[in-house]
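**Q** below are the sequence and a predicted model; questions follow.
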Amino acid sequence: MVIIKNLKLEFSNKIIFDNLNINIKENQITAIQGPSGIGKTSLFLCINSMIKYEEDYKISGEILYKKDNKYIDILKLNDDEAQELRKEIIYVSQHPDLLPMSIYENLNFFAKTHNIKNRNEKIIEVLKQVYLYEEVKDVLNKSALKLSGGQQQRLILARALLLKPKVLLLDEPTASLNESLSKKIEQMLKELKITIAIISHFESQIKDISNVRYLL
Ligand SMILES: Nc1ncnc2c1ncn2[C@@H]1O[C@H](COP(=O)(O)OP(=O)(O)OP(=O)(O)O)[C@@H](O)[C@H]1O
């Protein structure tokens, strides 16, 4: 689904990674591991073409993405094409980037921007999917920024699910969750049966959910 070939990334002439080869297979969960600062998040930003907004970077190699049974090179997309790509390949950051709006509007605004029909139904569906609905159903009009770290993390995951992504790039999605919620989210991710790449520092999580792992 996403084939990374000989990828090299530099920031200000400092090599972050070089000769990186990764195969993110369709409908599998691929774990990306490695010590802090090795370049895991930067790799995800390359895959969803966000790296182009960073300063003083250099990139070479190929990131091939299977779209309509043809492979396109993500590194060669123009801005409009990259924007379209980000509706299919969604990056869920470890730092929730919620808007200063209500919990509901954070989802509704996003859904409107993407012309999603039956928004109310779908918002409830994704909130239930990430096990957040019961916690927020009576406070949907309260600010999303007042939610706890773990609730915010589930809210941005719910927002990503609204778009029915083809590829989910998850950056430590359960870092702020307790063990029981983490397990539920892991199970949900497995049941999604879509292509997922996940950065995680939890060895047990990687063992439980990933089909293949890469160490950076
Ligand atoms: N925009 C940027 N400009 C310059 N250097 C950067 C930039 N973004 C990241 N870096 C550097 O690139 C390296 C890789 O960072 P990155 O965040 O990808 O690592 P990571 O493996 O995801 O780390 P962590 O596990 O701590 O999140 C780090 O040394 C970081 O300081």
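**A** Great, that's in hand. Numbering: from 1, shown residues only.
**Q** now do the contacts for Ala111.
**A** Ala111 sits next to 119, 122-123, 162 when contact means Cβ atoms under 8 Å, 6 or more residues apart in numbering. For the C-beta atoms, the positions are set from N, CA and C on the backbone; glycine is no exception.
**Q** now render these as a markdown table, adding secondary structure.
**A** Output for the contacts of Ala111, formatted as a markdown table (DSSP: H, G, I helix; E, B strand; the rest coil):
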| residue | secondary structure |
| --- | --- |
| Arg119 | helix |
| Lys122 | helix |
| Ile123 | helix |
| Leu162 | helix |
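**Q** any of these buried? List them.
**A** Neighbour counting with 16 or more other Cβ atoms under 10 Å marks 119, 122-123, 162 as buried within the contacts of Ala111.
**Q** circling back: of the contacts of Ala111, which is the nearest to the ligand?
**A** Minimum distance to the ligand across the contacts of Ala111 is 25.3 Å, recorded for Leu162 (Cβ to the nearest ligand atom).
**Q** and that closest one, how far is that from Ile124?
**A** Computed as Cβ to Cβ, to the nearest Å, the Leu162 to Ile124 distance reads 11 Å.
**Q** over to Leu145?
**A** 21 Å.
**Q** same check, this time on Gln151
**A** Between Gln151 and Ile124 the distance, using Cβ to Cβ, works out to 16 Å.
**Q** and the two? Which one has more around it.
**A** Comparing Gln151 with Ile124 by neighbour count (other Cβ atoms under 10 Å), the higher total belongs to Gln151, at 19 against 15.
**Q** and the pLDDT at that one?
**A** Per-residue confidence at Gln151 stands at 96 (pLDDT).
**Q** I'd say Ile4 and Thr30 touch.
**A** No. The pair Ile4 / Thr30 is not scored as a contact, 10.6 Å apart, by Cβ atoms under 8 Å.
**Q** which residues are in contact with each of these two?
**A** Going by Cβ under 8 Å, 6+ apart, residues that sit against Ile4 and also against Thr30 are 22, 24.
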